[in-house]
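> One predicted model, sequence on top.
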Amino acid sequence: MLGKLAKISKSPFRLIKSQYKKLKFNKSGNIGENCFFSCESNVLNTTGNKDSLQIGKKSNISARIHVHGNGMITIGEFAFIGGNSLIMGIDSITIGSHVIISNNVHIYDNNSHPISPSYRMAMSERGG
């Protein structure tokens, strides 16, 4: 019985947090109608341009989505992106409609570190 009460008491909190996430995504990008954003989802758009993040209607997002620099992230309609996933764009990422992405997936459009072994050694010696 206690387990059922715990589930019921968490439910309104999760609903409120999900609505908060939806508002946050709407401030950061152009979001289609009837999208769902889980409590785990988060968005960071440092481009200063709301058009740099596009999510199509009826998509279900449980991922963290980050857009930086002149980046652009476009997610089609009816897309599903699972929990603990990360999409980070500095240039351009496009995910089509009706695409299902599992949990724990990371998608980047950049290398974010040097390729040259000598530069990588110098980077790790200075601590990042």
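In hand now; what should we look at? Only a predicted model underlies this, so the values are computations on that prediction, with no experimental measurement involved.
> Tabulate the CA atom coordinates of stretch 69-84 in CSV.
Extracted in CSV, the C-alpha atoms of stretch 69-84 (Å, rounded to 0.1, in the frame of the first residue of the first chain):
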residue,chain,number,x,y,z
GLY,A,69,27.7,29.1,-31.4
ASN,A,70,26.1,29.3,-34.8
GLY,A,71,24.6,25.8,-34.2
MET,A,72,21.2,24.5,-35.4
ILE,A,73,19.3,21.5,-34.2
THR,A,74,16.2,20.3,-36.0
ILE,A,75,14.1,17.4,-34.8
GLY,A,76,11.2,16.2,-37.0
GLU,A,77,7.6,15.3,-36.1
PHE,A,78,6.7,12.3,-34.0
ALA,A,79,10.3,11.8,-32.9
PHE,A,80,11.2,10.0,-29.6
ILE,A,81,14.5,10.7,-27.8
GLY,A,82,15.1,8.6,-24.8
GLY,A,83,16.3,9.5,-21.3
ASN,A,84,19.9,10.3,-20.4
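> what sits up against that stretch?
29, 32, 38, 40, 46-47, 52-63, 65, 67, 87, 89-105, 109 (CB atoms under 8 Å, 6 or more residues apart in numbering). C-beta coordinates here come from the backbone N, C-alpha and C atoms, glycine included.
> roughly how far out does that stretch sit from the chain middle?
On the basis of CA atoms, centre = their mean, to the nearest Å, stretch 69-84 sits 6 Å off its chain's mean C-alpha point.
> Restricted to buried residues, select the contacts of stretch 69-84 in PyMOL.
Those of those that count as buried under 16 or more other CB atoms under 10 Å are selected in PyMOL with:
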select buried, resi 29+32+38+40+47+52+53+54+55+56+59+60+61+62+63+65+67+87+89+90+93+95+101+109
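> what's the spacing between S97 and G83?
21 Å (CB to CB, to the nearest Å).
> G127 now?
Applying CB to CB, the value for G127 to G83 is 31 Å.
> These two: which has the busier surroundings?
G83 (16 against 5; other CB atoms under 10 Å).
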